[in-house]
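**Q** Sequence isn't available, so here's the structure alone:
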């Protein structure tokens, strides 16, 4: 996956990066060298932090833990056992990934400030332990790195050598972040950050994705920490494991732009030299100057540029860059025609079975012994008055709620299986939409659909092809490049369907996709659902719009008070006195009789 | 045995100091739904103000506590109005960064103005040793605990019995519905933030008798206050009081039986356990409030 070098975005990016090397070599001043090394280190740390804090949206304020572990592991191994830091840094990375697992697993379900507080607490615990076990670590007095000069010891006489090594660490980190952002894994991270439920419905294992991000970020942070320890040649817990350092790392990412690849780099490159210079100019005021600059910048950025420099200015810069000569022509793959299987009207074999579902919420029996079967090529409508328990049944059918009793099974080929979580349901071929639409609003329509497509392919271009196919079927082709948040209600509902379809389901569960649409959109949606069925997908739909349900469904199940009230052909169901009573009450039947 | 009782008493007295800080923090979180990472720096400002008043105006910290409480009320109100209010609908991470930024700026400002030296107001009232049998008290700690409990009861009455207090409680439950019922959201938030900060001002007067002031003094207290507030349940007044006493006890007992260096490890571990097992805390508002 090499970036195309002739694309102006790529060559300008590489030129800008090389400036970090070229400027100090041109200036030949020790201070500029030092500044450039610090920029590389902090740009690298912020980039690594951004994998968790930006891509995955988990705001860690304890990232110094991994920095500290990295620097201490390498430092202790070299000073106590004489092991080269080039080896020691991997020992540190191994410990860091273990610690990341220990931290990530229990804190995953914490959100916002609670996650941040937990990471601070972990940082404090580790720092206090490092101080306490002074026999090993040197305690609060700190640890001096033995000054053995030479490449094997990562300690040099010349600053430029440090700069080359620092730049190398930074480039590796940046490359990892860039690849993650472009890959399926990166899409999944953003999906989990924005809407965990919708992500799970397209087969994303949210836990695994978040832990993966935490571990990768920890390893990178730790490696850079090892190097920085060797550069500083002195380690102490109060700076290596400090909250201040954690905040600083996160701050560069925020100022540059959270969740973008370039953001953390831009943040570090612009802010760090300014703060260091301010420290020089305002040295009369003592120690706090650069910290004060950081704090003020943070407040100003948050108030006026919450999306960071890249978020606010990135598009203008890109537009300028795109005017430069472009020697790279991307290959555009034409969407293949959706294969339309003609399905006979007769019922196929069962494909989805729910047997004896029970679910209680406290004293409320939300689902009371519901059984239903969906056949191949069928459209099954589920209706019932408000509060009847339709959505609860639906959530059990897709794994979002576990039934107290009974079970749901899906047939794949000839095999029946009983998935247990939303993502395994999705993998078993069951796509669903949400009644309250859950678009990934920051992503384009194309990227939204690709998220579904990634269930069967990890290759970006293949996912794009699938997305185009599905967009054809759902009349979204013209809107592929718009941001999902700017769609109309009808468009969002179709996008829900498209994302589910892109997972290539055998069964599609539609939760009130017609609700709230204007008549023209309803007509389009009805046609769409027919096309979906004709392409060989079985459909189970909850719907309030009676006429549409009547027109579409082969069979209808009526649910009332958590039970199946009636099941049968549409025409039989609507004329059933019990159904009429459930909807309109006893008075209506009496009035009819009178 | 008498050592154990002495430790219990020390713990409860320490809890009193934490309680005032935690009540302010939990009020701000409960009503405004923002975790104020700058809370510790409010305390630091308050303690410097108290120290300055003692040094240059000869005021006893207890006398300046009220003045400083008023000063910090306006400071907190200003912060709510200028920093938090524009970000009310922003993502949680933006709000976190905002208060973290204020915290960093204030801490370093103090470092620039006062340097890293440790300062302490030297007074006699509040530092006397009281002996009851074989038990030992410091008068200031007893005063702090008494005032903390009075503040807790007063705050409880205020939340229960006044229109503004009921407005606070309504806002804690649902911002939009409270607005529909005629609560002036922005005004109430400014007030709540101000009161939360004002309580810290009061605390700084009380604490300045026992503790010295230095730029990072706030972090020392506020990390503990976060532990307490999460333990008791974010936004819960009784939770903050019980949590304070509990952490005070852990501090004192673990400091003696486990070792002074590791007592913080003990309560951070308690904190993590609570976050993981029951993130809404002991008296939390239930699922979803986290």
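**A** Perfect, I can see it now. Just so it is clear, the structure is predicted and the values come from calculations on it, not from any experiment.
**Q** where are the low-confidence patches of chain A?
**A** In the predicted model of chain A, residues A:1-3, A:282-286, A:329-347, A:589, A:592-594 satisfy pLDDT under 70.
**Q** Alongside chain A, which residues does the stretch 101-250 of chain B contribute?
**A** Residues of the stretch 101-250 of chain B lying close to chain A by CB under 8 Å from any CB of the partner chain are B:101-113, B:115-116, B:215, B:219, B:223, B:226-227, B:230. Quick note: C-beta positions are derived from backbone N, CA and C, even for glycine.
**Q** do that again at 6 Å, thanks
**A** B:101-102, B:104-105, B:108-109, B:111-112, B:115, B:226 (CB under 6 Å from any CB of the partner chain).
**Q** Is there a quick PyMOL command that grabs whichever of those are buried?
**A** To isolate the buried ones among those in PyMOL, judged by 16 or more other CB atoms under 10 Å in any protein chain shown, type:
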select buried, chain B and resi 101+102+104+105+108+109+111+112+226
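**Q** In helices only, show me the residues of the stretch 101-250 of chain B next to chain A.
**A** Assigned to helices by DSSP state H, the following of these qualify: B:101-102, B:104-105, B:108-109, B:111-112, B:226.
**Q** Pull the most distant pair out of the residues you listed.
**A** Greatest spatial distance among these (CB to CB): B:112 and B:226, at 25.8 Å.
**Q** Pick the one among the ones in helices among the residues of the stretch 101-250 of chain B next to chain A closest to residue A:428.
**A** Among those, residue B:226 lies closest to residue A:428 (CB to CB), at 43.2 Å.
**Q** dump the residue contacts of that closest one.
**A** By CB atoms under 6 Å, 6 or more residues apart in numbering or on different chains, the contact list for residue B:226 reads residue A:117.
**Q** cool, the one 3 residues further on as well?
**A** Counting by CB under 6 Å, 6+ apart, residue B:229 touches B:22, B:25-26, B:240.
**Q** Please name every helix or strand in contact with the one helix or strand residue B:71 maps to.
**A** For residue B:71, the element it lies in under DSSP states H and E is helix B:61-79. When contacts are defined as 3 or more CB pairs under 6 Å, 6 or more residues apart in numbering or on different chains; DSSP states H and E, helix B:61-79 sits against helix B:39-56, helix B:185-207.
**Q** Please identify which of these is closest to residue A:415.
**A** Nearest of those to residue A:415, taken as CB to CB: helix B:185-207 at 56.1 Å.
**Q** in that closest one, what counts as buried?
**A** By 16+ other CB under 10 Å, the buried positions in helix B:185-207 come out as B:185, B:188-207.
**Q** just to revisit the earlier point, what would the ones in helices among the residues of the stretch 101-250 of chain B next to chain A look like in a markdown table with pLDDT?
**A** Converted to a markdown table, those look like this (pLDDT from 0 to 100):
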| residue | pLDDT |
| --- | --- |
| B:101 | 92 |
| B:102 | 93 |
| B:104 | 90 |
| B:105 | 91 |
| B:108 | 89 |
| B:109 | 89 |
| B:111 | 87 |
| B:112 | 85 |
| B:226 | 86 |
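**Q** re the thing from before, generate a markdown table for the helices and strands packed on helix B:61-79, with mean pLDDT as supplementary columns.
**A** What follows is the helices and strands packed on helix B:61-79, written out as a markdown table (pLDDT from 0 to 100):
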| stretch | mean pLDDT |
| --- | --- |
| helix B:39-56 | 91 |
| helix B:185-207 | 91 |
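**Q** Between those, which one is closest to residue B:179.
**A** Counting by CB to CB, residue B:179 lies closest to helix B:185-207 out of the helices and strands packed on helix B:61-79; the figure is 5.0 Å.
**Q** Does anything pack onto the closest one? Which helices or strands?
**A** When contacts are defined as 3+ CB pairs under 6 Å, 6+ apart, helix B:185-207 packs onto helix B:2-32, helix B:39-56, helix B:61-79, helix B:163-173.
**Q** Give me the residues contacting that helix.
**A** B:17, B:20-21, B:23-24, B:27-28, B:31-32, B:42-43, B:46-47, B:50, B:61, B:64-65, B:68-69, B:72-73, B:75-77, B:80-81, B:144, B:167-168, B:171, B:179.
**Q** how many degrees apart are it and helix B:39-56 in direction?
**A** Put simply, helix B:185-207 runs at 50 degrees to helix B:39-56, going by axes from the mean of the first three to the mean of the last three CA atoms, to 10 degrees.
**Q** Next SSE downstream of the helix ranked longest in chain A?
**A** Scanning chain A for the longest helix, with DSSP H as the assignment, gives helix A:206-232. Where DSSP H and E defines the elements, the next helix or strand beyond helix A:206-232 is strand A:234-235.
**Q** That next one pairs with which strands, and in what direction?
**A** Here strand A:234-235 is paired, per DSSP bridges, with strand A:143-144 (antiparallel).
**Q** Give the next helix or strand downstream of the strand it pairs with.
**A** That would be, after strand A:143-144 and using DSSP H and E, helix A:159-182.
**Q** quick one: buried residues of that next one?
**A** A:159-160, A:162-163, A:165-167, A:169-170, A:173-174, A:176-178, A:180-181.
**Q** Quickly name whichever of these is closest to residue A:532.
**A** Distance to residue A:532, by CB to CB, is smallest for residue A:181 among those, at 32.3 Å.
**Q** any idea what sits nearest the closest one, other than its immediate chain neighbours?
**A** Setting aside the residues directly before and after it, residue A:181 is nearest to residue A:261 in space (CB to CB, 6 or more residues apart in numbering or on different chains), at 5.1 Å.
**Q** Quick check: phi and psi at the one you found.
**A** Per-residue torsions, residue A:261: phi -70, psi -40 (degrees, to the nearest 10).
**Q** need the contact list for it.
**A** By CB under 6 Å, 6+ apart, the neighbours of residue A:261 are A:177-178, A:181.
**Q** Please apply the same query to residue A:267.
**A** Contact analysis of residue A:267 by CB under 6 Å, 6+ apart lists A:252, A:255-256.
**Q** For it, pull up the helix or strand it's in.
**A** helix A:262-281.
**Q** Which element is encountered next along the chain beyond that helix?
**A** Downstream of helix A:262-281 (by DSSP H and E), the next one is helix A:289-304.
**Q** pLDDT wise, what is the residue nearest to residue B:234 when sequence neighbours are not counted at?
**A** Distances taken as CB to CB, 6+ apart place residue B:29 nearest to residue B:234, at 4.8 Å, with adjacent residues excluded. With respect to pLDDT, residue B:29 scores 86.
**Q** Same check on the one 5 residues further on?
**A** As summarised for this prediction, residue B:34 has a pLDDT of 85.
**Q** in the stretch 151-290 of chain B, what residue is nearest chain A?
**A** residue B:276 (4.2 Å; CB to the nearest CB).
**Q** Identify the residues contacting the helix or strand where that residue lies?
**A** Using DSSP H and E, residue B:276 falls within helix B:263-277. Here helix B:263-277 makes contact (CB under 6 Å, 6+ apart) with A:106, A:118, A:121, A:124-125, A:128, B:227, B:231, B:247, B:250-251, B:254-255, B:258.
**Q** How far away from the center of its chain is the helix holding residue B:71?
**A** The gap between where helix B:61-79 is centred and where its chain is centred comes out at 13 Å by CA atoms, centre = their mean, to the nearest Å.
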